[in-house]
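[1] need a 3D model of the following:
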Amino acid sequence: MNVIANVQGRGFDIVDSLIEMQDPDNDLSTLQAYDVDGSPLAKLPEGSYTGECGAADVVTNGRRLLITEFIVTVPAAGINQATDSLQLTAWDAKTGARAWSVTPVPSSTDRLACQAYDGNLANVSITQDGNWAVLLRSTTSVAIDLRDGHLYPRADLLGTLGNYVVVGTDHTYYAGHPNTATMTIPGDWKTLGTFKTGNADAGTVSIGGTGQLAVTGLAYDDATGAGHSTVSTPDGNEIISVVGNGPSGIPLVINAYELPSAHLLWSIKTPTYYTDAILAVNASIALIERTGNDHGDVEYMALNVKTGKVAWSQKIVGAVVCALTSSQILMNANNQLATLDATNGKQLSYKNGSDCPHVVGTGLTGVGHDGKQVLQILNP
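    Model (predicted):
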């Protein structure tokens, strides 16, 4: 059982993946959608989708949709082998009515499976505005218009970035021979802007692997040390990236780029003997952690996402950023949970509690859970 959130903060969903032990082909999974106040909405009954493939919750054209995958298996019949196909279906989150259904992976003898350990839709990335998705499987590369389910196959699809579908190259990286990522809209596939991508040459942008090429909201998990070099603003109009490679002798900078043109908006150099990490981003600020390479001073800075100007900065000892919404930062410091005003860094409140709540996804939904309860951590 997993909790996923609507990326625009409109509510959340319980994805209950359940398979009958005596009959593994009998999928008993259900999905329950909830409004932002916790009121139950539509429920997808058993047999509606394949639970291990997860789900997505988006708003497109003002309509909240639940996107699911269903692996359709036709058993072997004598000399005829078993076949699998994959259906993608959109359901109205309020009523449960089917909005559209398509088959991006047609029937074949290739066996299909999913392992959506976190409840999110497997092998699919979605644009920030909820209009487009990209499905990438070993034999399938297709963009999907989430407004009507129209399919746009293309071999060089990489995923999504901001509000745009991305095509380009994903070959083994060599210094001096970066990959490319081109923003486009399926259909006419017009080139809207192109980045050189990689992590070892000056001027290249380090984005994620194929799929969702830049997250928004909380971008760094201090507990695991996992982070993202590039993040997207919630409206999908800008990305902010740590560019360069310190160990290779290329100075680090923080760059902001306009989407989809890839035009450089602003750039800030990281001081010598320091390392910058992007912790989180909302519509107004990018929260940066600047650490001395001797692991001494740690400074938290909020940069204006449009101009790169420092909105505020302060040194906080032994802190961990738990969550960011459109207006507040939840931070663990001195074995307490402190709430800061994101616009000026001033502390609003604090309380006892040494552990960060589990934030659902990386977005700005303010939804989290502790294994027993689903809660809205901060009002976004």
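[2] chain neighbours aside, what residue packs nearest to the spatially most central residue of the chain?
    Central residue of the chain (C-alpha atoms, centre = their mean): Val215, 4.2 Å from the mean position. Of all residues not flanking Val215 in the chain, Thr362 sits nearest, at 4.3 Å (C-beta to C-beta, 6 or more residues apart in numbering). Every C-beta, even on glycine, is put in place using the N, C-alpha and C of the backbone.
[3] please name the residues that touch that neighbour.
    Applying C-beta atoms under 8 Å, 6 or more residues apart in numbering to Thr362 gives the contacts 215-219.
[4] beta partners for the residue nearest to Gly149 when sequence neighbours are not counted?
    The spatially closest residue to Gly149, leaving aside those adjacent along the chain, is Trp100, at 3.7 Å (C-beta to C-beta, 6+ apart). Beta bridges link Trp100 to Ala90, judged by DSSP bridges.
[5] surely the residue nearest to the centre of the chain and Val231 touch.
    Yes. Between Val215 and Val231 there is a contact at 5.9 Å, judged by C-beta atoms under 8 Å.
[6] the worst-scoring helix or strand of the chain on mean pLDDT: what's the following helix or strand?
    Every helix and strand of the chain was ranked by mean pLDDT, DSSP states H and E. The lowest is strand 226-227, at a mean of 60. Using DSSP states H and E, the helix or strand that follows strand 226-227 in sequence is strand 230-232.
[7] ok, and what's touching that next one?
    So strand 230-232 is contacted by 128, 161-162, 205-208, 213-216, 219, 238-242, 259, 278, 280-281, 286 (C-beta under 8 Å, 6+ apart).
[8] can you pull the contacts of the closest residue to Thr30 other than its chain neighbours?
    Excluding the flanking residues, the one nearest Thr30 by C-beta to C-beta, 6+ apart is Asp16, at 5.0 Å. Residues in contact with Asp16 (C-beta under 8 Å, 6+ apart) are 1, 29-32, 51.
[9] the residues you listed in strands, which ones?
    Among these, the ones falling in strands (DSSP state E) are 30-32.
[10] going along the chain, name the strands of the stretch 101-250 of the chain.
    Secondary structure of the stretch 101-250 of the chain by DSSP state E, counting those that start in this stretch: the strands cover 124-126, 132-137, 140-145, 151-153, 157-161, 164-168, 179-184, 193-197, 211-212, 217-218, 220-221, 226-227, 230-232, 238-243.
[11] so for Val7, which of these sits nearest?
    The closest of those to Val7 is strand 124-126. By C-beta to C-beta, the value is 7.3 Å.
[12] what lines up beside that closest one in the sheet?
    strand 132-137 (antiparallel).
[13] distance from the chain centre to the partner strand, please.
    In terms of C-alpha atoms, centre = their mean, to the nearest Å, the gap separating the centre of strand 132-137 from the centre of its chain is 13 Å.
[14] for the stretch 151-300 of the chain, what are the low-confidence residue spans?
    Residue ranges of the stretch 151-300 of the chain with pLDDT under 70: 174-176, 199-202, 208-209, 220-227, 245-249, 295-296.
[15] all the helices of it, residue numbers only.
    Secondary structure of the stretch 151-300 of the chain (DSSP state H, counting those that start in this stretch): no helices located.
[16] please name the nearest non-neighbouring residue to Leu157.
    Spatial nearest neighbour of Leu157, excluding adjacent residues (C-beta to C-beta, 6+ apart): Ser141 at 4.6 Å.
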